[in-house]
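K.L.:
My questions concern the predicted model and sequence given below.
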Amino acid sequence: MRVFTIADGPHKGKHIKVTRYIMAARGVEINIEHNVPTRPGKEIQWVQTVSSNHGFSVDCKMLTRVDPFGHDGPVNTVSLPAVPGLCKADDLRPFYWTAADLAGGAGPGLSDAPNVPTPAKGRTWTQFVTALTEVTGMNVHHLVAIAWGYDRFADGSVHVAVIRTPSTSEMRNHGQALKRMYPGYKYT
Amino acid sequence: MTTTTGSKAPSPDGWGERRAIRRANARSGSETAVSFGTPWSAVTRGRVLGALLLALIASAVLASSAQDDAAVSLSLRIVPTSFTGTGARAITLIDPSQHFAVVLTNVGKSPVRVWRETCSWGYSNLSFEVQDQDGSLVTVTRRQRPWEKNFQDWMVLPPGDHLVFDVTFDATTWQHAPLPEPGRQRTVGLRAVYESADGKEARANKVWSGKVVSPQNPYTLFR
């Protein structure tokens, strides 16, 4: 499985490791672990943004969104003051795991199994940027990030994208989504 | 209250391999059904098949005591929003914020893990069977939806405790809901179904799998 190493800073040489990345019936399944220790006064958090061409991008008027952000789903429960409207998040923090998720046993790795219904025609593409961050108060410092995703086609098939380091453009969109949706935090 | 059983995935104490005997609610007839735990080995399958034969033979004899079997672990019922003056069940869904409840209860002696609705493994587990006055049957299910954050999320339902589903029959979430036109009412036979699929995720997390149904009763829906 692929390993992505932190390039600099106090955690230089530590890494995230994708331990599972497989095609599922309607999407893809991914598990990521890390070996970054938590330093006093700081917390390690995952941040994930998602870009897609399906309904949420249109309905939320955002091509790239901090995951999760949508409507009419069981996790779409919290309105974000910075992004009013139809779409809702699962809490008021930009992190993948909510406090309730963590209390329920989620983490310290990241686990996701995104999927979409079969499109009527063409393809539905979904692309993620997942980052491990070190959080100090309201400062969210990115340690390392990966890009991954999948396509779902009208015949029901799924094509899984290669896991790779995000492009500069992808990281820019990732950062802009974070700033727009959770402007109270500072991102580096 | 209609109860039924499913299988709890294999657990260290072997609880998951037990057989289950269901006695359907007297309201819906005298059906007695038998279901089995998740098979996970040839030996166990053999034992379960043997148990099936025994259970089939025994079911007629044991029907009256089947609900006392520790294997009967979950029950399901629909709670209407109100009752009419004659005691008939009413569900009022005039405002989008209004809902009725479906209550899943652990009537067994052991804690049971069930999937939360917040993940795809639990989202579609609740459905309804609607029987119209002309006898036609329709199944009401949740619409498929995109999942962007989706992890295996389960909760423990302690013995005697409940998981309550708030149901709006909102058209963006539910398909084939028996809602009347606004300002009208409609009476149907309604039965809730909670079915949790067996699978590697359920086994790995020791999450209950099986099917449980509520009694079918007439409900008048107001909108």
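P.N.:
In hand now; what should we look at?
K.L.:
tell me the average confidence for the top helix by length along chain A?
P.N.:
The single longest helix within chain A, with elements called by DSSP state H, is helix A:168-181. The average of the pLDDT scores along helix A:168-181 is 98.
K.L.:
Contacts for stretch A:82-91 next, please.
P.N.:
Taking C-beta atoms under 8 Å, 6 or more residues apart in numbering or on different chains as the criterion, the residues outside stretch A:82-91 that touch it are A:56, A:59-62, A:65-66, A:68-71, A:75-80, A:98-100, A:180-183, B:149. C-beta coordinates here come from the backbone N, C-alpha and C atoms, glycine included.
K.L.:
From those residues, which land in helices?
P.N.:
A:56, A:59, A:99-100, A:180-181.
K.L.:
Show me which pair in those is furthest apart.
P.N.:
A:D59 and A:A99 (26.8 Å; C-beta to C-beta).
K.L.:
And those two? Which one has more around it.
P.N.:
A:D59 (14 against 10; other C-beta atoms under 10 Å in any protein chain shown).
K.L.:
Assess the claim that that one and A:H71 are in contact.
P.N.:
Yes: A:D59 is within contact range of A:H71, at 6.0 Å (criterion: C-beta atoms under 8 Å).
K.L.:
For chain A, which residues are neighbours of chain B?
P.N.:
A:27, A:48, A:50, A:52, A:54-56, A:67-75, A:90, A:96, A:101, A:104, A:106, A:111-117, A:124, A:126 (C-beta under 8 Å from any C-beta of the partner chain).
K.L.:
circling back: buried subset of the contacts of stretch A:82-91?
P.N.:
By neighbour count, with 16 or more other C-beta atoms under 10 Å in any protein chain shown, the contacts of stretch A:82-91 hold A:56, A:60, A:62, A:65-66, A:68-70, A:75-76, A:80, A:98, A:181-182, B:149 as buried.
K.L.:
Could you work out the most separated pair of those?
P.N.:
A:M62 and A:T98 (20.0 Å).
K.L.:
how much space between the nearest residue to B:Q216 once chain neighbours are set aside and B:I78?
P.N.:
Closest residue to B:Q216 apart from its sequence neighbours, by C-beta to C-beta, 6 or more residues apart in numbering or on different chains: B:R191 at 3.8 Å. Separation of B:R191 from B:I78 (C-beta to C-beta, to the nearest Å): 8 Å.
K.L.:
Between the two, which contacts overlap?
P.N.:
B:214, B:217.
K.L.:
returning to that earlier point: the longest helix of chain A: which residues count as buried?
P.N.:
Applying 16+ other C-beta under 10 Å to helix A:168-181 flags A:170-171, A:173-175, A:177-179, A:181 as buried.
K.L.:
tell me what that helix is packed against?
P.N.:
If you count contacts as 3 or more C-beta pairs under 8 Å, 6 or more residues apart in numbering or on different chains; DSSP states H and E, helix A:168-181 packs onto strand A:43-52, strand A:64-66, strand A:123-136, strand A:139-153, strand A:186-187.
K.L.:
Of these, flag the one that's most buried.
P.N.:
With neighbours taken as mean count of other C-beta atoms under 10 Å in any protein chain shown, those reach their highest mean count in strand A:64-66, at a mean of 25.
K.L.:
show me what contacts residue 159?
P.N.:
Let's take chain A. A:23, A:150-151, A:153.
K.L.:
not what I meant, chain B
P.N.:
B:106-111.
K.L.:
hmm, try it at 10 Å
P.N.:
B:73, B:105-112 (C-beta atoms under 10 Å, 6 or more residues apart in numbering or on different chains).
K.L.:
Name whatever forms a beta bridge with the most centrally placed residue in chain A.
P.N.:
Taking C-alpha atoms, centre = their mean, the centroid of chain A lies closest to A:Q48, which sits 1.8 Å from it. With DSSP bridges as the criterion, A:Q48 is bridged to A:T130.
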